[in-house]
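A.B. asks: got a sequence here, can you model it:
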Amino acid sequence: MSKLPNVTTSIFTVMSKMASEHNAINLSQGFPNFPVDERLTQIVSRLANEDVHQYTPMSGYPPLLSKITALIKSSYSRNIIPETELLVTAGATQAIFTTLLALLKPNNEVIILDPSYDCYEAPILLSEAKPVRVALNNDYTPNWDKIADAFSEKTKMIIINNPHNPTGKILNKSDFENLEILLEKHPNVLLLSDEVYEYITFEEKHISTHTRTKLLDRCITVSSFGKSFHVTGWKIGYLVAPMHLMKEIKKVHQFLVFSVNSICQIAVSEYLDCVNVNEISTFYQEKRDYFRSLLKNSRFELMPCEGTYFQVASYANISNENDVDFCKRLITDYGVAAIPISTFYENGKDLKLIRFCFAKDDFTLEEASRRLCSI
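C.D. replies: Have a look, this model is predicted:
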């Protein structure tokens, strides 16, 4: 009997496979198609011939832990203790999976805000806990009254994703104040904050849980170098948690992964000496603005994009089809792949919205937009 009976081929795999079969431009999966920074590839090239290919310590390569500590300090003015509060992981997904497996017990409940990324529910179910899905408002802002109503005596954790995939929304100061009030009423509930797009925000600055002192003793914050440095295939991330939680997370990590890719850790450690993370948002804001300008005369209605490298668009003026069928026809008839937003909801809520990834080179964005404007 399957432990995950409702898990099938992911929508990302389905759309990318269709895109390949129909030679379509793939704006569905969230990965860049432009070259990696030459400074980083040159570091990797040099390291390939050095003695860097054996296990690193379980928590991470020590110089990298120090660099991450400094990065968090410079970005958020937070001091952490790397030996007890920091863990390098094989990507953010492994960080999330490990955290949930370590901290959940059977019959615990976990609040998830829909639309939600698909990596949250599976480890909850494998822990024999229960996901409780609460829909965001139609403008993708949180409804804190509905979220509060979903809490019960069994609630162990709430997961937030900020900046938010798939919608591109970010949480504001008021949202964090509401979250803090809610968690004050539930002192035993933990917070898992997925912040993999933390350095990709635009007009408004990202508010990290690192800056919320009321939350630090119960919060696990997850980050991703793969997203920040355009190296998604490296699968390298990290998480920060208070010592009493990290102790349990490391117990699982040592048997699930033990040691993250050594050459990638060392390369990122050296790269942090020369890269300016504050330039990442500027780079992607130019991508966002260019893509939006290219689609200005299309029949799509573009939703606000406050962060991430995803643009949500309404096709309500084009078709009454459900979003899955529309995305499939977008591939077969127009040669562009996107992701239907309904697949991020537990109940398949269909608002006639789809998600494009604009982390692509200009030629790709121009050709995709030309095809989309022809609809």
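A.B. asks: and the strands in this protein?
C.D. replies: Listed in chain order, the strands of the chain (DSSP state E) span 25-26, 86-89, 109-114, 130-135, 155-161, 190-194, 219-224, 237-240, 301-302, 310-314, 336-337, 339-340, 353-357.
A.B. asks: just the angle between the longest one and strand 130-135, please?
C.D. replies: Per axes from the mean of the first three to the mean of the last three C-alpha atoms, to 10 degrees, the angle that strand 155-161 makes with strand 130-135 is 40 degrees.
A.B. asks: strands paired with strand 155-161, and their directions?
C.D. replies: strand 109-114 (parallel), strand 190-194 (parallel) (DSSP bridges).
A.B. asks: just the mean pLDDT for it, thanks.
C.D. replies: In this model, strand 155-161 carries a mean pLDDT of 98.
A.B. asks: now do the first one
C.D. replies: If you average the pLDDT over strand 25-26, you get 96.
A.B. asks: tell me the strands beside that strand, with direction?
C.D. replies: Sheet pairing for strand 25-26, using DSSP bridges, gives strand 336-337 (parallel).
A.B. asks: neighbouring contacts of the partner strand?
C.D. replies: 15-16, 18-19, 24-28, 327, 330-331, 368, 371-372 (C-beta atoms under 8 Å, 6 or more residues apart in numbering). Every residue, glycine included, has its C-beta placed from N, CA and C.
A.B. asks: which one of the residues you listed is nearest to Asn347?
C.D. replies: For the contacts of strand 336-337, the closest approach to Asn347 (C-beta to C-beta) belongs to Cys327, at 18.3 Å.
A.B. asks: residues contacting that closest one?
C.D. replies: Cys327 touches 15, 28, 337-340, 354, counting by C-beta under 8 Å, 6+ apart.
A.B. asks: can you lay out the residues you listed as TSV showing distance to Pro106?
C.D. replies: Formatted as TSV, those follow (distance: C-beta to C-beta, whole Å):
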residue	distance to Pro106
Met15	35
Ser28	36
Ala337	39
Ala338	38
Ile339	33
Pro340	33
Ile354	37
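A.B. asks: all helices of this protein, in order?
C.D. replies: 11-21, 38-47, 62-76, 82-85, 92-103, 121-126, 144-150, 173-185, 225-228, 243-256, 262-271, 278-294, 323-334, 362-373 (DSSP state H).
A.B. asks: these into TSV, with extra columns for mean pLDDT and distance to Glu195?
C.D. replies: Shown next, in TSV, are these (pLDDT from 0 to 100; distance: least, C-beta to C-beta, whole Å):
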stretch	mean pLDDT	distance to Glu195
helix 11-21	90	21
helix 38-47	97	22
helix 62-76	98	10
helix 82-85	98	15
helix 92-103	98	9
helix 121-126	96	18
helix 144-150	98	19
helix 173-185	98	13
helix 225-228	96	10
helix 243-256	98	16
helix 262-271	98	17
helix 278-294	97	13
helix 323-334	97	27
helix 362-373	98	26
